[in-house]
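**Q** Okay, sequence plus prediction incoming.
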Amino acid sequence: QVQLVESGGGLVQAGGSLRLSCLASGRTFTAMGWFRQAPGKEREFVAATSWSGGSTYYADSVKGRFTISRDNAKNTVYLQMNSLIPEDTAVYYCAARSSVVVTTSSFTYNNWGQGTQVTVSS
């Protein structure tokens, strides 16, 4: 059974940091990404990484503040979030796809975690 389990969400003040983790089990994935969905809004791309971690992509809204990384020995991908702002408040989802091609479209990812809530207070 394919599973992605996120952890690390929580409540933080603006300017603070959080690190999200996503543990993958049951299958070997290649490209992996993070997406988020705020209340009343569509799910949006945040960051993605190739299997090696050598290629990374970021949404303009998080570039310079968030860093995606992965530890394949632990089957885990991370999202380090610094300088958080209230607009970052959302449920964050880990996603994986069985392809070497890194994409930013949620429609191209076929495995999803349950999500973890991130709330940034002003």
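**A** Thanks, I have the structure now. Numbering: from 1, shown residues only.

**Q** What residues are bridge-paired with Y93?
**A** F35 (DSSP bridges).

**Q** That should have said L4, apologies.
**A** Beta-bridge partners, per DSSP bridges, of L4: A24.

**Q** Tell me who's in contact with the most centrally placed residue in the chain.
**A** Centroid-nearest residue in the chain: W34, 2.3 Å away (criterion: C-alpha atoms, centre = their mean). Contact analysis of W34 by C-beta atoms under 8 Å, 6 or more residues apart in numbering lists 20, 22, 46-48, 68, 77, 79, 92-95. Every residue, glycine included, has its C-beta placed from N, CA and C.

**Q** Contacts only, for M32.
**A** Contacts of M32 (C-beta under 8 Å, 6+ apart): 22, 24, 48-49, 70, 77, 94-97.

**Q** low-scoring stretches of the chain, by residue?
**A** Along the chain, segments meeting pLDDT under 70 span 1, 27-29.

**Q** where do the strands sit along the chain?
**A** Using DSSP state E, the strands of the chain run over 3-7, 10-13, 18-25, 32-37, 44-49, 56-58, 66-71, 76-81, 90-96, 111-112, 116-121.

**Q** so can I have TSV of those strands showing distance to V102?
**A** Below are the strands of the chain laid out as TSV (distance: least, C-beta to C-beta, whole Å):
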stretch	distance to V102
strand 3-7	16
strand 10-13	28
strand 18-25	15
strand 32-37	8
strand 44-49	5
strand 56-58	6
strand 66-71	10
strand 76-81	12
strand 90-96	11
strand 111-112	15
strand 116-121	22
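
**Q** Would you mind listing the buried residues in stretch 99-108?
**A** Going by neighbour count (16 or more other C-beta atoms under 10 Å), the buried part of stretch 99-108 is 102-104, 106.
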